[in-house]
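*Asks:* turn this into a structure:
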Amino acid sequence: MFNRYFLILLVLVCIIFSSCNLLMVAVRNVPTFFEAPEPVKNKITDPVKPNVRLSALWIGHATVLLQMDDKVIITDPFLTETAGEFARRTVEPGIDTKNIPGCDIILISHSHFDHLSLGSLELLEEKGYKKCALVFPNGLENYIPDYDMNLIRMKNDNGYRSKITGETRTINGIRITTVYSQHWAGRYGMDGYLWGDNAFTGYILEYHGMTVYFAGDTGYDSLKFKKIREMFNIDLALIPIGPCAECNQCGTINHVFPVDAYELYKDIKPKWMIPIHYGTLHFAQADPMEPKHVFEELARKNGEQEKIFVINIGEQKIFMEK
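*Replies:* Have a look, this model is predicted:
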């Protein structure tokens, strides 16, 4: 009897906690609902170029359009005005949907509203991406409608309980490996903890001798990330740096802030890095641009400006040409 009442109480506390967090996000976003998102000037209309081997266009938040030779990959597409109705964009997407080329791979790192945007996937589906592979970690299929795409579920060691890789598959010619992240899943916040949802992952993409790492959302574990470095020679890393209130402090168990995002960068030792997951949405914590300022200063102090590229939403960085 005691155990049953304790469980009921725990569920209620978690629901209230989740609701309060959502309320904080909603309150923080009240001003943005009365303002149009800041426009992105001079948007790129031709993101895929014949002379490019490796490039990245930051669309905003965790959404990046990658070109790897003749292949096009989009990470965690968020193209709508709101994420879960509670968080509204402060800056519009860095590319018009009509100019997004046909994709070979769409990667979904986990099921939270700002990473799994069903409205954005519907927009891409409407463009006729029938040959596109929608790749996601095991368990995330519970949140995905039956899109007219090639839905591919990949293992992630049940939330990376004992390994740092899940599985490796070649999909549309690209070798994809699910790799360690330290996060949680679910859709509404605490439900991921309550039901033990482990549908989260990072990704390694390998194609024509090039390697790209997309971290998704993650906390910091130096030993695990150093093991990733031992396994992969990474060219480009896409690493989150926010949101954060005390951005000069280390992050939480499930999110890196600029300080430990920089440590993660040092652990995996990529040739280049682009920081992501900031500057697009108002979360409850703080100024969405604060992570950028702190991270830029870290890169400057450590003399890494030629390897770390803090780009604007809508900006494209070309790393390798033919």
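
*Asks:* just for the chain, where's the confidence low?
*Replies:* For the chain, the stretches with pLDDT under 70 are 1-34, 84-86, 188-196, 284-286.

*Asks:* cutoff 90 now
*Replies:* For the chain, the stretches with pLDDT under 90 are 1-36, 82-88, 126-131, 184-197, 243-246, 281-288.

*Asks:* paired strands for the lengthiest strand in the chain, with orientation please.
*Replies:* Using DSSP state E, we find that the single longest strand of the chain is strand 52-60. Here strand 52-60 has these sheet partners by DSSP bridges: strand 63-68 (antiparallel), strand 316-321 (antiparallel).

*Asks:* that one: how far from the chain's middle?
*Replies:* 14 Å (C-alpha atoms, centre = their mean, to the nearest Å).

*Asks:* cool, and stretch 167-184?
*Replies:* 14 Å.

*Asks:* what do you get for stretch 199-218?
*Replies:* With C-alpha atoms, centre = their mean, you get 10 Å for stretch 199-218.

*Asks:* repeat for stretch 122-131
*Replies:* 20 Å.

*Asks:* same question for stretch 291-309.
*Replies:* 20 Å.

*Asks:* show me the contact partners of that stretch.
*Replies:* Applying C-beta atoms under 8 Å, 6 or more residues apart in numbering, the contact partners of stretch 291-309 are 241-244, 247-248, 257-259, 261-262, 265, 270-275, 278-279, 310, 317. Quick note: C-beta positions are derived from backbone N, CA and C, even for glycine.

*Asks:* CA atoms only for stretch 104-122, dumped as CSV, please.
*Replies:* Output in CSV follows, covering the C-alpha atoms of stretch 104-122 (Å, rounded to 0.1, in the frame of the first residue of the first chain):
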residue,chain,number,x,y,z
ASP,A,104,19.7,11.7,-48.4
ILE,A,105,19.5,11.6,-44.6
ILE,A,106,17.5,13.3,-41.9
LEU,A,107,18.9,12.7,-38.4
ILE,A,108,16.8,12.9,-35.3
SER,A,109,18.8,12.8,-32.0
HIS,A,110,15.9,12.5,-29.6
SER,A,111,12.2,13.2,-29.1
HIS,A,112,12.1,16.6,-27.3
PHE,A,113,10.0,19.2,-29.1
ASP,A,114,13.0,21.4,-30.2
HIS,A,115,14.7,18.4,-31.9
LEU,A,116,11.8,16.3,-33.1
SER,A,117,9.6,18.8,-34.8
LEU,A,118,6.7,16.9,-36.4
GLY,A,119,5.6,20.0,-38.3
SER,A,120,9.0,20.4,-39.8
LEU,A,121,9.1,16.8,-40.9
GLU,A,122,5.7,17.3,-42.5
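
*Asks:* list the buried residues in it.
*Replies:* Residues of stretch 104-122 classed as buried by neighbour count (16 or more other C-beta atoms under 10 Å): 104-117, 120-121.

*Asks:* hang on, the earlier thing: deepest of the strands paired with strand 52-60, which one?
*Replies:* Scoring these by mean neighbour count under mean count of other C-beta atoms under 10 Å gives strand 63-68 as the most buried, with a mean of 25.

*Asks:* touching that strand from outside, list them.
*Replies:* 47-49, 52-59, 72-79, 93, 95, 100, 174, 205, 207-208, 210, 212, 214, 238, 274, 276.

*Asks:* restrict it to CA atoms and write it as PDB.
*Replies:* This file holds the C-alpha atoms of strand 63-68, laid out as PDB (Å, rounded to 0.1, in the frame of the first residue of the first chain):
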ATOM      1  CA  THR A  63      19.400  22.200 -37.400                       C
ATOM      2  CA  VAL A  64      22.300  22.000 -39.800                       C
ATOM      3  CA  LEU A  65      22.300  21.300 -43.500                       C
ATOM      4  CA  LEU A  66      25.400  19.300 -44.400                       C
ATOM      5  CA  GLN A  67      26.900  18.700 -47.800                       C
ATOM      6  CA  MET A  68      29.300  15.800 -48.000                       C
END
